[in-house]
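Asker: got a predicted structure plus its sequence, pasted below:
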Amino acid sequence: MRVSTVIIDELESALKVGSTDRRISVLRRITDLFVNNAANFSAEQVTLFDDVMGRLACEIENRAMVELSGRLAEIPNAPAGIIRRLAWDDVVEVSAPVLAKSDRLSDGDLVELAQAKSQAHLAQIATRPALNSAVTDVLVERGNNEVANRLASNAGAQFSETGLWQLILRADGDDKLSEKVASRADIPPHLFRQILSQATDKVREKLLASAQPDTRRTIEKILADISVQFRTAVVSRDYGEAQRTVRSLGQDTERVKTELLTFARYKRLPELIAALSALAAVPIELVEQLVLDNNIFGLLVLCKAVALDWTIMHAVILARPIAQELQSSELDEAYATYLKLSVSSAQRALRFWLVRRKVA
(Lines give C-alpha, C1' and ligand atoms only; values in the text may rest on other atoms or scores of the structure.)
Protein backbone atom coordinates (compact mmCIF):
# COMPACT_ATOMS: atom_id res chain seq x y z
CA MET A 1 0.00 0.00 0.00
CA ARG A 2 2.89 2.40 0.78
CA VAL A 3 4.25 2.04 -2.78
CA SER A 4 0.83 2.76 -4.26
CA THR A 5 0.39 5.80 -2.04
CA VAL A 6 3.80 7.20 -3.01
CA ILE A 7 3.10 6.74 -6.71
CA ILE A 8 -0.31 8.37 -6.56
CA ASP A 9 0.99 11.28 -4.46
CA GLU A 10 3.82 11.86 -6.97
CA LEU A 11 1.37 11.78 -9.87
CA GLU A 12 -1.06 14.21 -8.29
CA SER A 13 1.79 16.57 -7.47
CA ALA A 14 3.13 16.48 -11.03
CA LEU A 15 -0.28 16.97 -12.61
CA LYS A 16 -1.12 19.79 -10.21
CA VAL A 17 2.02 21.75 -11.05
CA GLY A 18 1.55 20.95 -14.73
CA SER A 19 5.03 21.88 -15.98
CA THR A 20 6.93 19.59 -18.34
CA ASP A 21 10.04 19.68 -16.16
CA ARG A 22 8.01 18.59 -13.14
CA ARG A 23 6.44 15.73 -15.12
CA ILE A 24 9.87 14.55 -16.30
CA SER A 25 11.29 14.74 -12.79
CA VAL A 26 8.46 12.69 -11.32
CA LEU A 27 8.57 10.21 -14.21
CA ARG A 28 12.27 9.64 -13.54
CA ARG A 29 11.67 9.01 -9.84
CA ILE A 30 8.82 6.61 -10.53
CA THR A 31 10.91 4.84 -13.17
CA ASP A 32 13.76 4.54 -10.64
CA LEU A 33 11.35 3.03 -8.15
CA PHE A 34 10.07 0.53 -10.68
CA VAL A 35 13.42 -0.48 -12.21
CA ASN A 36 15.09 -0.98 -8.82
CA ASN A 37 12.26 -3.14 -7.46
CA ALA A 38 10.62 -4.61 -10.57
CA ALA A 39 11.07 -8.24 -9.52
CA ASN A 40 9.14 -7.63 -6.29
CA PHE A 41 6.05 -5.97 -7.72
CA SER A 42 2.77 -7.79 -8.21
CA ALA A 43 0.85 -7.69 -11.49
CA GLU A 44 -1.58 -5.23 -9.91
CA GLN A 45 1.25 -2.89 -8.91
CA VAL A 46 2.82 -3.12 -12.39
CA THR A 47 -0.56 -2.09 -13.82
CA LEU A 48 -0.55 0.93 -11.53
CA PHE A 49 2.94 1.90 -12.72
CA ASP A 50 1.71 1.46 -16.29
CA ASP A 51 -1.18 3.87 -15.77
CA VAL A 52 0.94 6.48 -13.99
CA MET A 53 3.81 6.35 -16.47
CA GLY A 54 1.36 6.63 -19.34
CA ARG A 55 -0.24 9.75 -17.85
CA LEU A 56 3.11 11.37 -17.11
CA ALA A 57 4.47 10.59 -20.57
CA CYS A 58 1.86 12.80 -22.23
CA GLU A 59 3.34 15.91 -23.78
CA ILE A 60 6.93 15.45 -22.60
CA GLU A 61 9.97 15.92 -24.81
CA ASN A 62 11.51 13.12 -26.85
CA ARG A 63 14.70 13.16 -24.80
CA ALA A 64 12.82 11.97 -21.74
CA MET A 65 10.93 9.35 -23.78
CA VAL A 66 14.21 8.01 -25.17
CA GLU A 67 15.52 7.69 -21.63
CA LEU A 68 12.36 5.92 -20.47
CA SER A 69 12.47 3.49 -23.40
CA GLY A 70 16.08 2.59 -22.73
CA ARG A 71 15.48 1.95 -19.04
CA LEU A 72 12.37 -0.22 -19.50
CA ALA A 73 13.39 -2.17 -22.60
CA GLU A 74 15.13 -5.05 -20.82
CA ILE A 75 12.85 -5.30 -17.77
CA PRO A 76 10.97 -8.65 -18.07
CA ASN A 77 7.79 -7.39 -16.40
CA ALA A 78 7.87 -3.81 -17.66
CA PRO A 79 4.43 -2.19 -17.90
CA ALA A 80 3.00 -3.52 -21.17
CA GLY A 81 0.95 -0.47 -22.03
CA ILE A 82 3.80 2.02 -21.91
CA ILE A 83 6.06 -0.45 -23.76
CA ARG A 84 3.57 -0.66 -26.64
CA ARG A 85 3.19 3.11 -26.61
CA LEU A 86 6.97 3.54 -26.87
CA ALA A 87 7.19 0.91 -29.62
CA TRP A 88 4.62 2.74 -31.75
CA ASP A 89 6.32 6.13 -31.39
CA ASP A 90 7.16 7.60 -34.80
CA VAL A 91 10.51 8.84 -33.48
CA VAL A 92 12.76 5.82 -33.94
CA GLU A 93 15.15 6.94 -31.19
CA VAL A 94 12.23 6.54 -28.78
CA SER A 95 10.99 3.22 -30.08
CA ALA A 96 14.36 1.60 -30.87
CA PRO A 97 15.24 0.16 -27.42
CA VAL A 98 11.91 -1.60 -26.91
CA LEU A 99 11.63 -2.73 -30.53
CA ALA A 100 15.05 -4.36 -30.31
CA LYS A 101 14.91 -5.77 -26.78
CA SER A 102 11.57 -5.78 -24.95
CA ASP A 103 10.03 -9.19 -24.25
CA ARG A 104 6.74 -7.44 -23.49
CA LEU A 105 6.00 -7.09 -27.19
CA SER A 106 4.12 -10.14 -28.44
CA ASP A 107 4.56 -11.69 -31.88
CA GLY A 108 1.23 -10.12 -32.79
CA ASP A 109 2.52 -6.70 -31.71
CA LEU A 110 5.67 -7.17 -33.79
CA VAL A 111 3.72 -8.24 -36.89
CA GLU A 112 1.50 -5.15 -36.63
CA LEU A 113 4.51 -2.89 -36.13
CA ALA A 114 6.37 -4.48 -39.04
CA GLN A 115 3.35 -3.96 -41.29
CA ALA A 116 2.95 -0.29 -40.42
CA LYS A 117 6.15 1.42 -39.31
CA SER A 118 9.15 2.91 -41.09
CA GLN A 119 12.23 1.12 -42.41
CA ALA A 120 14.21 2.42 -39.43
CA HIS A 121 11.69 0.77 -37.07
CA LEU A 122 11.84 -2.48 -39.06
CA ALA A 123 15.64 -2.46 -38.84
CA GLN A 124 15.40 -2.39 -35.03
CA ILE A 125 12.93 -5.29 -34.95
CA ALA A 126 15.28 -7.27 -37.21
CA THR A 127 17.97 -7.25 -34.51
CA ARG A 128 15.86 -8.88 -31.78
CA PRO A 129 17.51 -11.95 -30.21
CA ALA A 130 14.61 -14.16 -31.33
CA LEU A 131 12.09 -13.71 -34.13
CA ASN A 132 9.51 -16.19 -35.37
CA SER A 133 8.65 -16.74 -39.02
CA ALA A 134 5.37 -14.78 -38.87
CA VAL A 135 7.39 -11.65 -38.05
CA THR A 136 10.28 -12.31 -40.43
CA ASP A 137 7.86 -12.94 -43.32
CA VAL A 138 6.61 -9.36 -42.97
CA LEU A 139 10.11 -7.94 -42.46
CA VAL A 140 11.42 -9.69 -45.58
CA GLU A 141 8.49 -8.51 -47.67
CA ARG A 142 8.44 -4.88 -46.49
CA GLY A 143 12.03 -4.31 -45.48
CA ASN A 144 14.76 -2.59 -47.45
CA ASN A 145 18.31 -3.92 -47.95
CA GLU A 146 19.43 -2.88 -44.47
CA VAL A 147 16.55 -4.81 -42.90
CA ALA A 148 17.29 -7.85 -45.10
CA ASN A 149 20.98 -7.81 -44.14
CA ARG A 150 20.21 -7.52 -40.43
CA LEU A 151 17.79 -10.43 -40.67
CA ALA A 152 20.23 -12.61 -42.59
CA SER A 153 22.87 -11.93 -39.89
CA ASN A 154 20.48 -12.73 -37.04
CA ALA A 155 21.02 -16.33 -35.90
CA GLY A 156 17.93 -16.08 -33.70
CA ALA A 157 15.61 -15.26 -36.61
CA GLN A 158 13.40 -18.09 -37.85
CA PHE A 159 12.18 -18.10 -41.45
CA SER A 160 9.44 -19.81 -43.36
CA GLU A 161 10.61 -21.39 -46.61
CA THR A 162 8.87 -18.60 -48.50
CA GLY A 163 10.67 -16.02 -46.37
CA LEU A 164 14.03 -17.62 -47.09
CA TRP A 165 13.18 -17.79 -50.78
CA GLN A 166 12.37 -14.08 -50.80
CA LEU A 167 15.66 -13.34 -49.03
CA ILE A 168 17.45 -15.30 -51.74
CA LEU A 169 15.65 -13.37 -54.48
CA ARG A 170 16.67 -10.12 -52.80
CA ALA A 171 20.27 -11.36 -52.57
CA ASP A 172 20.54 -11.68 -56.35
CA GLY A 173 23.17 -9.07 -57.29
CA ASP A 174 23.96 -8.25 -53.64
CA ASP A 175 27.26 -9.91 -52.63
CA LYS A 176 27.01 -8.93 -48.98
CA LEU A 177 23.51 -10.36 -48.55
CA SER A 178 24.32 -13.46 -50.63
CA GLU A 179 27.21 -14.32 -48.35
CA LYS A 180 25.13 -13.82 -45.20
CA VAL A 181 22.22 -15.93 -46.45
CA ALA A 182 24.51 -18.72 -47.68
CA SER A 183 26.25 -18.77 -44.28
CA ARG A 184 23.06 -19.38 -42.30
CA ALA A 185 22.91 -22.72 -40.50
CA ASP A 186 19.18 -23.14 -41.18
CA ILE A 187 19.17 -22.82 -44.96
CA PRO A 188 17.86 -26.06 -46.55
CA PRO A 189 19.95 -27.80 -49.24
CA HIS A 190 17.77 -26.85 -52.23
CA LEU A 191 17.84 -23.16 -51.27
CA PHE A 192 21.56 -23.34 -50.55
CA ARG A 193 21.98 -24.57 -54.11
CA GLN A 194 19.89 -21.65 -55.37
CA ILE A 195 21.95 -19.02 -53.55
CA LEU A 196 25.14 -20.60 -54.90
CA SER A 197 23.77 -20.71 -58.44
CA GLN A 198 23.15 -16.94 -58.47
CA ALA A 199 26.17 -15.91 -56.38
CA THR A 200 29.14 -14.17 -57.97
CA ASP A 201 32.56 -15.84 -58.16
CA LYS A 202 33.72 -13.52 -55.38
CA VAL A 203 31.02 -14.79 -52.99
CA ARG A 204 31.65 -18.42 -53.96
CA GLU A 205 35.36 -18.02 -53.27
CA LYS A 206 34.67 -16.47 -49.85
CA LEU A 207 32.30 -19.28 -48.92
CA LEU A 208 34.80 -21.92 -50.01
CA ALA A 209 37.61 -20.23 -48.09
CA SER A 210 35.63 -20.03 -44.83
CA ALA A 211 33.91 -23.44 -45.03
CA GLN A 212 34.77 -26.50 -42.99
CA PRO A 213 36.12 -29.46 -45.06
CA ASP A 214 32.76 -31.30 -45.30
CA THR A 215 30.92 -28.12 -46.26
CA ARG A 216 33.64 -27.20 -48.74
CA ARG A 217 33.21 -30.54 -50.52
CA THR A 218 29.44 -29.98 -50.65
CA ILE A 219 29.91 -26.51 -52.14
CA GLU A 220 32.38 -27.82 -54.72
CA LYS A 221 29.96 -30.57 -55.79
CA ILE A 222 27.05 -28.12 -56.11
CA LEU A 223 29.17 -25.71 -58.15
CA ALA A 224 30.25 -28.56 -60.45
CA ASP A 225 26.59 -29.59 -60.94
CA ILE A 226 25.62 -25.99 -61.67
CA SER A 227 28.39 -25.74 -64.26
CA VAL A 228 27.17 -28.89 -66.04
CA GLN A 229 23.57 -27.68 -65.95
CA PHE A 230 24.60 -24.33 -67.45
CA ARG A 231 26.45 -26.00 -70.32
CA THR A 232 23.54 -28.34 -71.12
CA ALA A 233 20.71 -25.83 -70.63
CA VAL A 234 17.94 -25.90 -73.19
CA VAL A 235 17.93 -22.86 -75.43
CA SER A 236 14.72 -20.87 -75.17
CA ARG A 237 12.38 -21.92 -77.96
CA ASP A 238 9.64 -20.23 -79.94
CA TYR A 239 6.42 -20.56 -77.96
CA GLY A 240 4.17 -18.89 -80.52
CA GLU A 241 2.27 -22.02 -81.50
CA ALA A 242 1.97 -23.23 -77.91
CA GLN A 243 0.58 -19.86 -76.83
CA ARG A 244 -1.98 -19.95 -79.63
CA THR A 245 -3.06 -23.41 -78.45
CA VAL A 246 -3.51 -22.14 -74.90
CA ARG A 247 -5.38 -19.01 -76.04
CA SER A 248 -7.80 -21.24 -77.98
CA LEU A 249 -8.93 -22.67 -74.62
CA GLY A 250 -10.52 -19.31 -73.75
CA GLN A 251 -10.66 -17.59 -70.37
CA ASP A 252 -12.00 -20.55 -68.39
CA THR A 253 -9.29 -21.10 -65.77
CA GLU A 254 -10.52 -24.55 -64.78
CA ARG A 255 -10.45 -25.69 -68.41
CA VAL A 256 -6.86 -24.43 -68.76
CA LYS A 257 -5.91 -26.32 -65.58
CA THR A 258 -7.49 -29.51 -66.94
CA GLU A 259 -5.58 -29.16 -70.20
CA LEU A 260 -2.42 -28.38 -68.25
CA LEU A 261 -2.68 -31.81 -66.65
CA THR A 262 -2.94 -33.35 -70.12
CA PHE A 263 0.07 -31.37 -71.36
CA ALA A 264 2.06 -32.56 -68.34
CA ARG A 265 1.11 -36.23 -68.68
CA TYR A 266 2.05 -36.27 -72.36
CA LYS A 267 5.17 -34.18 -71.70
CA ARG A 268 4.08 -31.46 -74.12
CA LEU A 269 6.54 -29.01 -72.59
CA PRO A 270 5.91 -25.91 -74.76
CA GLU A 271 2.15 -26.06 -74.11
CA LEU A 272 2.74 -26.78 -70.40
CA ILE A 273 4.99 -23.71 -70.08
CA ALA A 274 2.58 -21.54 -72.08
CA ALA A 275 -0.35 -22.66 -69.91
CA LEU A 276 1.49 -21.89 -66.67
CA SER A 277 2.47 -18.51 -68.07
CA ALA A 278 -1.15 -17.72 -68.92
CA LEU A 279 -2.52 -18.90 -65.56
CA ALA A 280 0.02 -16.96 -63.50
CA ALA A 281 0.20 -13.95 -65.85
CA VAL A 282 4.01 -14.00 -65.79
CA PRO A 283 6.51 -13.87 -68.68
CA ILE A 284 6.95 -17.16 -70.48
CA GLU A 285 10.75 -17.06 -70.23
CA LEU A 286 10.46 -16.93 -66.43
CA VAL A 287 8.18 -19.98 -66.43
CA GLU A 288 10.61 -21.78 -68.72
CA GLN A 289 13.44 -21.01 -66.30
CA LEU A 290 11.48 -22.44 -63.37
CA VAL A 291 10.39 -25.56 -65.23
CA LEU A 292 13.92 -26.37 -66.41
CA ASP A 293 15.69 -25.52 -63.13
CA ASN A 294 17.04 -28.42 -61.07
CA ASN A 295 15.69 -26.68 -57.96
CA ILE A 296 11.92 -27.12 -58.03
CA PHE A 297 10.99 -24.74 -55.21
CA GLY A 298 10.42 -21.85 -57.60
CA LEU A 299 8.09 -24.06 -59.64
CA LEU A 300 6.23 -25.04 -56.46
CA VAL A 301 5.72 -21.35 -55.66
CA LEU A 302 4.46 -20.63 -59.18
CA CYS A 303 1.97 -23.51 -59.19
CA LYS A 304 0.73 -22.82 -55.66
CA ALA A 305 0.21 -19.15 -56.58
CA VAL A 306 -2.41 -20.26 -59.14
CA ALA A 307 -3.85 -22.81 -56.67
CA LEU A 308 -3.06 -25.97 -58.63
CA ASP A 309 -3.84 -29.16 -56.72
CA TRP A 310 -1.07 -31.65 -56.01
CA THR A 311 -2.19 -34.03 -58.79
CA ILE A 312 -1.40 -31.38 -61.40
CA MET A 313 1.70 -30.20 -59.56
CA HIS A 314 3.02 -33.76 -59.41
CA ALA A 315 2.44 -34.26 -63.14
CA VAL A 316 4.21 -30.97 -63.91
CA ILE A 317 7.25 -32.04 -61.87
CA LEU A 318 7.46 -35.38 -63.68
CA ALA A 319 7.08 -33.73 -67.11
CA ARG A 320 10.35 -31.82 -66.72
CA PRO A 321 13.31 -33.04 -68.81
CA ILE A 322 15.38 -33.73 -65.69
CA ALA A 323 12.59 -35.52 -63.81
CA GLN A 324 14.38 -38.87 -64.08
CA GLU A 325 17.13 -37.45 -61.84
CA LEU A 326 14.64 -36.67 -59.06
CA GLN A 327 14.98 -38.86 -55.99
CA SER A 328 11.87 -40.18 -54.25
CA SER A 329 12.95 -38.34 -51.09
CA GLU A 330 13.04 -35.07 -53.06
CA LEU A 331 9.52 -35.72 -54.32
CA ASP A 332 8.33 -36.39 -50.76
CA GLU A 333 9.99 -33.15 -49.64
CA ALA A 334 8.33 -31.27 -52.51
CA TYR A 335 4.94 -32.68 -51.49
CA ALA A 336 5.43 -31.64 -47.84
CA THR A 337 6.57 -28.17 -48.89
CA TYR A 338 3.63 -27.76 -51.26
CA LEU A 339 1.13 -28.66 -48.54
CA LYS A 340 2.69 -26.16 -46.10
CA LEU A 341 2.93 -23.36 -48.63
CA SER A 342 -0.18 -21.16 -48.64
CA VAL A 343 -1.60 -19.62 -51.80
CA SER A 344 -1.24 -16.13 -50.31
CA SER A 345 2.42 -16.70 -49.38
CA ALA A 346 3.15 -18.07 -52.84
CA GLN A 347 1.45 -15.11 -54.51
CA ARG A 348 3.42 -12.73 -52.31
CA ALA A 349 6.70 -14.45 -53.22
CA LEU A 350 5.80 -14.39 -56.91
CA ARG A 351 4.98 -10.67 -56.81
CA PHE A 352 8.27 -10.00 -55.06
CA TRP A 353 10.08 -12.04 -57.69
CA LEU A 354 8.47 -10.13 -60.54
CA VAL A 355 9.34 -6.79 -58.95
CA ARG A 356 12.94 -7.89 -58.53
CA ARG A 357 12.96 -9.01 -62.15
CA LYS A 358 11.68 -5.62 -63.36
CA VAL A 359 14.29 -3.80 -61.29
CA ALA A 360 17.02 -6.02 -62.71
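Answerer: Nice, thanks for sending it over.

Asker: just the element for the residue nearest the centre of the chain, please.
Answerer: Closest residue to the average C-alpha location of the chain: D137 at 2.9 Å, with C-alpha atoms, centre = their mean. Here D137, judged by DSSP states H and E, is contained in helix 133-142.

Asker: average pLDDT across that helix?
Answerer: Averaged across helix 133-142, pLDDT comes to 94.

Asker: off-centre distance for that helix?
Answerer: Taking the mean C-alpha point of helix 133-142 and that of its whole chain, the gap between them comes to 3 Å (C-alpha atoms, centre = their mean, to the nearest Å).

Asker: now swap in stretch 99-114 and tell me
Answerer: Using C-alpha atoms, centre = their mean, the mean C-alpha position of stretch 99-114 is found 15 Å from that of the whole chain.

Asker: I168 is in contact with V301, correct?
Answerer: No: proximity of V301 to I168 does not meet the contact threshold set by C-beta atoms under 8 Å, at 11.5 Å. C-beta: built from backbone N, CA, C; applies to glycine.

Asker: for this structure, give me the ranges with low pLDDT.
Answerer: 1-19, 226-236, 325, 356-360 (pLDDT under 70).

Asker: domain assignment for it?
Answerer: The domain map for the chain lists 2-75, 158-231, 240-359, with the assignment taken from automatic domain parsing.

Asker: for those domains, which one sits closest to W88?
Answerer: domain 2-75 (11.5 Å; C-beta to C-beta).

Asker: one step back: now the residue nearest to the centre of the chain: how far from I296?
Answerer: Taking C-beta to C-beta, to the nearest Å as the measure, D137 falls 21 Å from I296.

Asker: quick one: neighbours of the closest residue to the residue nearest to the centre of the chain other than its chain neighbours, just the number.
Answerer: For D137, the nearest residue in space outside its immediate sequence neighbours is G163; the separation is 4.8 Å by C-beta to C-beta, 6 or more residues apart in numbering. Other residues near G163 come to 24 when the count uses other C-beta atoms under 10 Å.

Asker: what do you get for R265?
Answerer: Neighbourhood size, R265 [other C-beta under 10 Å]: 14.

Asker: next up, the contacts around it.
Answerer: Shown in contact with R265 (C-beta atoms under 8 Å, 6 or more residues apart in numbering): 315, 319.

Asker: repeat the analysis, applying 7 Å as the threshold.
Answerer: Under the criterion of C-beta atoms under 7 Å, 6 or more residues apart in numbering, the neighbours of R265 are A315.

Asker: same thing with R128?
Answerer: A100.

Asker: let's see 8 Å
Answerer: By C-beta under 8 Å, 6+ apart, the residues touching R128 are 99-101, 110, 154, 156.

Asker: quick one: secondary structure of it?
Answerer: Here R128 is coil, with the state taken from DSSP: H, G, I helix; E, B strand; the rest coil.

Asker: what separation do you get for it and P270?
Answerer: Relative to P270, and taking C-beta to C-beta, R128 is found at 48 Å.

Asker: if we can go back for a sec, save the domains of the chain as CSV, and put in distance to E141 too.
Answerer: As requested, the domains of the chain are exported to CSV (distance: least, C-beta to C-beta, whole Å):
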stretch, distance to E141
domain 2-75, 26
domain 158-231, 7
domain 240-359, 6
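
Asker: hmm, who's touching stretch 57-72?
Answerer: 20, 23-24, 27-28, 31, 35, 53, 78-79, 82-83, 85-86, 89, 91, 93-98, 102.

Asker: again, 7 Å this time
Answerer: Outside stretch 57-72, the residues that touch it by C-beta under 7 Å, 6+ apart are 20, 23-24, 27, 31, 35, 78, 82-83, 85-86, 89, 91, 93-95, 97-98.

Asker: now stretch 91-111
Answerer: For stretch 91-111, the surrounding residues in contact (C-beta under 7 Å, 6+ apart) are 62, 65-66, 69-70, 72-74, 76, 78, 80, 83-84, 86-87, 89, 118, 120-121, 124-125, 127-128, 132, 134-135, 138.

Asker: ditto for stretch 180-187
Answerer: Here stretch 180-187 makes contact (C-beta under 7 Å, 6+ apart) with 149, 152-153, 164, 167-168, 171, 192, 195-196, 199, 207.

Asker: give the buried residues for stretch 311-326.
Answerer: Of all the residues in stretch 311-326, those buried under the rule 16 or more other C-beta atoms under 10 Å are 312-317, 319-320.

Asker: ugh, typo on my part, it should be stretch 239-256
Answerer: Neighbour-count burial for stretch 239-256 [16+ other C-beta under 10 Å]: 239, 242-243, 245-246, 249, 256.

Asker: need those residues in CSV (columns: distance to R142 and secondary structure).
Answerer: Conversion of the buried residues of stretch 239-256 to CSV gives the following (distance: C-beta to C-beta, whole Å; DSSP: H, G, I helix; E, B strand; the rest coil):
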residue, distance to R142, secondary structure
Y239, 35, coil
A242, 37, helix
Q243, 35, helix
T245, 40, helix
V246, 35, helix
L249, 37, coil
V256, 33, helix
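
Asker: could I get those as TSV with distance to S342?
Answerer: Supplementary listing: those in TSV, determined by distance: C-beta to C-beta, whole Å:
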residue	distance to S342
Y239	30
A242	30
Q243	30
T245	31
V246	27
L249	27
V256	22
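
Asker: going by distance to V46, which of these wins?
Answerer: Distance to V46, by C-beta to C-beta, is smallest for V256 among the buried residues of stretch 239-256, at 59.3 Å.

Asker: I figured that closest one hits A275, correct?
Answerer: Yes: at 5.7 Å, V256 and A275 qualify as touching, with contact defined as C-beta atoms under 7 Å.

Asker: anything in contact with each of these two?
Answerer: Once C-beta under 7 Å, 6+ apart is applied, the residues that V256 and A275 both contact turn out to be V246.

Asker: much appreciated, bye for now.
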